[in-house]
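Engineer: Just the structure for this:
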Amino acid sequence: MNEENARISKAPWHLWVIGLLAILWYLNGLYDFASTTTKEASYTSQFTQAMHNFYDAMPIWALAAWGAAELFGIAAGILLLFKSKFALYAFGCALVAILVNLAYNFIVADASKAIGSNAIYFEAIVVASTLLFLAYSYRMSATDALS
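Structural biologist: Alright, predicted model coming up:
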């Protein structure tokens, strides 16, 4: 058996499940980002005026971080499906981008006033899920399931 076949056989079945979950999770975030930033009527009609004001005032660097987080997350999920160790780095980049966006949301511009007090819980789920994807990628890389 050659080296490539050995690497493929080392990849566990759950790599596909986690990779697909990551792609779906971050695609949902990308939909939220695109719908919010383009002010898609059916999506933003449920927003309060405070939410509209919050997103309208968001600086380009915070918007870029939000979009980058979603794109890095999708790329990381795809890289997992290709059994690439670069998934680990892409999830790391997604985490950094999420933290940059959160810095704006909760340090610069108190998002809880505009979005609601439950926003912090949802953001905690976003950070936790990314940390879990990152830990999973690290573990798969350490066991040579990713190369």
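
Engineer: what helix or strand does the closest residue in space to residue 47 that isn't next to it in sequence sit in?
Structural biologist: Once flanking residues are discounted, residue 47 sits nearest to residue 55: 7.7 Å by CB to CB, 6 or more residues apart in numbering. Placement of C-beta: from N, CA and C, glycine included. Using DSSP states H and E, residue 55 falls within helix 49-57.

Engineer: before we move on, what about residue 90?
Structural biologist: helix 86-103.

Engineer: Repeat that for residue 146.
Structural biologist: Going by DSSP H and E, residue 146 is not in any helix or strand.

Engineer: give the contact list for it.
Structural biologist: Residue 146 makes contact with 11, 80, 83, 84, 85, 87, 88, 137, 140 under the criterion CB atoms under 8 Å, 6 or more residues apart in numbering.

Engineer: For it, which non-adjacent residue is spatially closest?
Structural biologist: Nearest to residue 146 is residue 85, by CB to CB, 6+ apart, at 4.3 Å.

Engineer: For that neighbour, list the residues it contacts.
Structural biologist: Contacts of residue 85 (CB under 8 Å, 6+ apart): 137, 141, 146, 147.

Engineer: is it true that the last one touches residue 86?
Structural biologist: No: the criterion here is CB atoms under 8 Å, and residue 147 misses it with residue 86 at 9.9 Å.

Engineer: low pLDDT regions in the protein?
Structural biologist: 1-10 (pLDDT under 70).

Engineer: For it, which segments count as helices?
Structural biologist: All helices of the chain, identified by DSSP state H, fall at 3-10, 14-37, 41-44, 49-57, 60-81, 86-103, 111-115, 119-142.

Engineer: Could you save these as a markdown table and add columns showing mean neighbour count?
Structural biologist: Below are these laid out as a markdown table (neighbours: other CB atoms under 10 Å):
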| stretch | mean neighbour count |
| --- | --- |
| helix 3-10 | 11 |
| helix 14-37 | 17 |
| helix 41-44 | 11 |
| helix 49-57 | 13 |
| helix 60-81 | 20 |
| helix 86-103 | 20 |
| helix 111-115 | 17 |
| helix 119-142 | 16 |
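
Engineer: Fine, thanks again, bye for now.
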